[in-house]
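Chemist: What would the 3D arrangement of this be:
(chains A, B and C)
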Amino acid sequence: MLHTQAVFSLIIINKAGGLIYQREFQAGLRKLSTNDYLVLAGTFHGVHAITRSITPKIPLAPTTNSPAASPGTSTPAASSYSYPNPGASVSGLDYLESDKFRLTCFQTLTGTKFLLFTDPMTGNVETIINKIYDLYADYVMKNPFYQLEMPVRCEAFDRHLGAWLRGRT
Amino acid sequence: MTVYSFYIFDRHAECIYKRRWLPRPTSIVGKSGQTPGAAPVGLGQTVKAGDDDAKLVFGTVFSLRNMVRKLGGEEDNFVSFNTSQYKLHYYETPTNIKFVMLTDLKSPSMRIALQQIHINLFVEYVVKNPLSPVEHPGGIGVNNELFEESLEQFVQTRVLA
Amino acid sequence: MAAPPRHSSMMATNAGAPQSGANDRQQVTQQSLTPQPTQGLRVPSNRKTIYDRHLNRSRNAESSRASFAYLFGEMVTYAQRRVTGIQDLEKRLNEQGYPLGLRLLDLLFYRSTSTSSSALSSSSTSSSPPNRPLRIITLLHLIHGPLWRLLFQRSADALEHSVSPDTPNEYMITDNDPLVNTYISVPREMSMLNCAAFVAGIIEGVCDGCGFEAKVSAHNQPTEMWPSRTVFLVRFGDSVMEREKVLERNGVK
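Modeler: Below you'll find the predicted structure:
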């Protein structure tokens, strides 16, 4: 169970797909140039939207002969299918796994995306991401000098984030 | 578990095979659909609506694979991703053929399964088939009976398992 | 719902969940004035306006730290408009705090007397008149202790007199982690700025209200342990220093 708490890095993408924060915590992934990170953020933003749009659609009933199979549907064309997991809202990529890392994506209701790169064995990624969102809400959004959608340069955010992650292991 | 769809992309980024399943494992929604006139009965609508799905799927896995290589190094492999609705599994052969499968969230890792499809089905019934061309533009050579049937069988056993 | 806190208690915040002074609610206003149907003033359905409440009602009430952070953030943003530089911005923040200090002083005296009287007996309304600080040290202790507790629910961290013989009129009050700066990261290009200039303004208001002419400014003095440590430099005017000498000679405490 050694090194199973590794958190490699964090990326924050604004709602337009722009990179507004990037920070490495532990070595493990290759270092990219700032430009590469910008491209990565933009690409991920697009891919995230596509992964949402390719969600499989399950036909509710055979379209040709459905006697009273779907009563009360005002627009049969639109409601002739459902999603695999009707209990949950349709989301884009939640997490991705590779041999070397796990990428967890958390999208806020306002469209900001937090991308956390961790060791594939790291547990409780959800908790970590929630805490990061917490700190973001506190030390970024409550900072009068932070301009919305712009790169995050908040020393207090960096400090608290670093301290919390260090204290966690 | 449920398998929703399965795609094969060749090294030219072309979709050479595509198959979709209804959630109920017995009924086939549509086959590759590459050959005109082969529209499945009754559910042609569904297939048409998702005709360019293959392109989107390719774009997605291609971008994610590049991203994984960039961050994890050349020897890292993109394995799968989850959304709130489905799970996408990815396997790439050394010859750059990409196998993609969309399943429900309960599915275990399908990496070995995709590898088996490559070795036991694709190589056996497509590559070794003397009648099949080297490249498969438009899916020629892949959509042969042996391959399709054994794939169907393979997925069935997985689904029931 | 928590009672809308009056401005004076706005900063008495705590990390915990906001608590309305629920137990205070019982003792509020027996003297409910015959309510006049005033058009301009918003009167709650129970006819008890903010003026009908006992001044001590919000004494132990807390307001949400987040609400305060957003409000103060907007105040800083507002002050930042049309300013020419950091000094100008600090001056504006100071000016926002100054009237608050003047008004807060009355409440501070009121509460410090009513506490002592209510400790003896709740019915007694006659108590010793509030002792207005006459000497600098008394005033500074008032700021360091009761004022800080009223605002931030804790005392300030240090109180010092300038060691330099050239500036005997300078005193320093230190806060290791000013509440107003909790969520604020000052951009590097404005590193001199300290938004606690607002608190400096409050202190200045309190000093002035007591009859001590003073200029108060906030300065960053970070340490490794306390990155947002702030020193409030209080500089008393010449008239104050002169009076101080006279009072000392006469043995006034």
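
Chemist: pLDDT score assigned to residue 148?
Modeler: Assuming you mean chain A. According to the per-residue confidence, A:Leu148 scores 94 in pLDDT.

Chemist: wrong one, chain C
Modeler: Each residue has a pLDDT score; the one for C:Trp148 is 95.

Chemist: repeat for B:Leu22
Modeler: B:Leu22 carries a pLDDT score of 68 in this model.

Chemist: The one 3 residues further on too?
Modeler: What the model reports as pLDDT for B:Pro25 is 38.

Chemist: Tell me if the helix or strand bottoming out on mean pLDDT in chain A is near chain B.
Modeler: Each helix and strand of chain A was given a mean pLDDT (mean pLDDT, DSSP states H and E); the minimum falls on strand A:58-59 at a mean of 82. Yes - taking CB under 8 Å from any CB of the partner chain as the criterion, strand A:58-59 and chain B are in contact, through A:58-59. All C-beta spots, glycine's among them, are computed from the backbone N, C-alpha and C.

Chemist: quick one: strands adjacent to that strand?
Modeler: Sheet neighbours of strand A:58-59, with direction, are listed as strand A:81-82 (antiparallel) (DSSP bridges).

Chemist: what does the partner strand rub up against?
Modeler: Outside strand A:81-82, the residues within contact range by CB atoms under 8 Å, 6 or more residues apart in numbering or on different chains are A:57-60, B:46.

Chemist: which residues in chain A form strands?
Modeler: For chain A, strands defined by DSSP state E occupy the ranges A:7-13, A:19-24, A:58-59, A:81-82, A:95-98, A:102-107, A:113-118.

Chemist: And chain B, by the same measure?
Modeler: The residue ranges that make up the strands of chain B, judged by DSSP E, are B:3-9, B:15-21, B:28-30, B:78-82, B:87-92, B:98-103.

Chemist: The closest residue to chain C within chain B: what's it in contact with?
Modeler: Of chain B, the residue with the smallest distance to chain C, taken as CB to the nearest CB, is B:Leu71 at 28.4 Å. Under the criterion of CB under 8 Å, 6+ apart, the contact list for B:Leu71 reads A:29-30, A:32, A:40, A:101, A:117.

Chemist: 10 Å instead?
Modeler: Residues in contact with B:Leu71 (CB atoms under 10 Å, 6 or more residues apart in numbering or on different chains) are A:8-9, A:28-32, A:36, A:40, A:98, A:100-101, A:103, A:117.

Chemist: Can you say which of these are buried?
Modeler: Neighbour counting by 16 or more other CB atoms under 10 Å in any protein chain shown classes A:8-9, A:28-29, A:32, A:40, A:98, A:100-101, A:103, A:117 among these as buried.

Chemist: Can you tell me which helix or strand of chain B has the lowest average pLDDT?
Modeler: The element with the least model confidence among the helices and strands of chain B, by mean pLDDT, DSSP H and E, is helix B:44-49, at a mean of 36.

Chemist: C:Arg57 contacts C:Tyr51, correct?
Modeler: No - applying CB atoms under 10 Å as the test, C:Arg57 and C:Tyr51 come out as separate, 11.4 Å apart.

Chemist: Tell me where chain B has helices.
Modeler: Per DSSP state H, chain B has helices spanning B:44-49, B:53-72, B:111-116, B:145-160. These are given in chain order.

Chemist: With the stretch 51-200 of chain C instead?
Modeler: C:65-80, C:86-120, C:136-142, C:148-152, C:197-209 (DSSP state H, counting those that start in this stretch).

Chemist: can you give me how far the shortest one is from the chain middle?
Modeler: Spelled out, it's helix C:148-152. On the basis of CA atoms, centre = their mean, to the nearest Å, helix C:148-152 sits 7 Å off its chain's mean C-alpha point.

Chemist: and what of the second one?
Modeler: The offset between the C-alpha centroid of helix C:86-120 and the centroid of the whole chain comes to 4 Å, using CA atoms, centre = their mean.

Chemist: go on, stretch A:113-121?
Modeler: Remark: stretch A:113-121 is offset 9 Å from the chain centroid, using CA atoms, centre = their mean.

Chemist: What of stretch A:97-112?
Modeler: The gap between where stretch A:97-112 is centred and where its chain is centred comes out at 3 Å by CA atoms, centre = their mean.

Chemist: list the buried ones in it?
Modeler: Residues of stretch A:97-112 classed as buried under the neighbour-count rule (16+ other CB under 10 Å) are A:97-98, A:100-107, A:112.

Chemist: Please identify the most buried of the helices of chain B.
Modeler: With neighbours taken as mean count of other CB atoms under 10 Å in any protein chain shown, the helices of chain B reach their highest mean count in helix B:53-72, at a mean of 19.

Chemist: partner residues bridging the nearest residue to B:Phe9 once chain neighbours are set aside?
Modeler: The shortest distance from B:Phe9 to any non-neighbouring residue, by CB to CB, 6 or more residues apart in numbering or on different chains, is to B:Lys98 (4.3 Å). Under DSSP bridges, the beta-bridge partners of B:Lys98 are B:Phe9, B:Glu92.

Chemist: What is the top helix by length along chain A packed up against?
Modeler: Counting by DSSP H, the longest helix found in chain A is helix A:34-53. With contacts defined as 3 or more CB pairs under 10 Å, 6 or more residues apart in numbering or on different chains; DSSP states H and E, helix A:34-53 has these neighbours: strand A:7-13, strand A:19-24, strand A:95-98, strand A:102-107, strand A:113-118, helix B:53-72, strand B:78-82.
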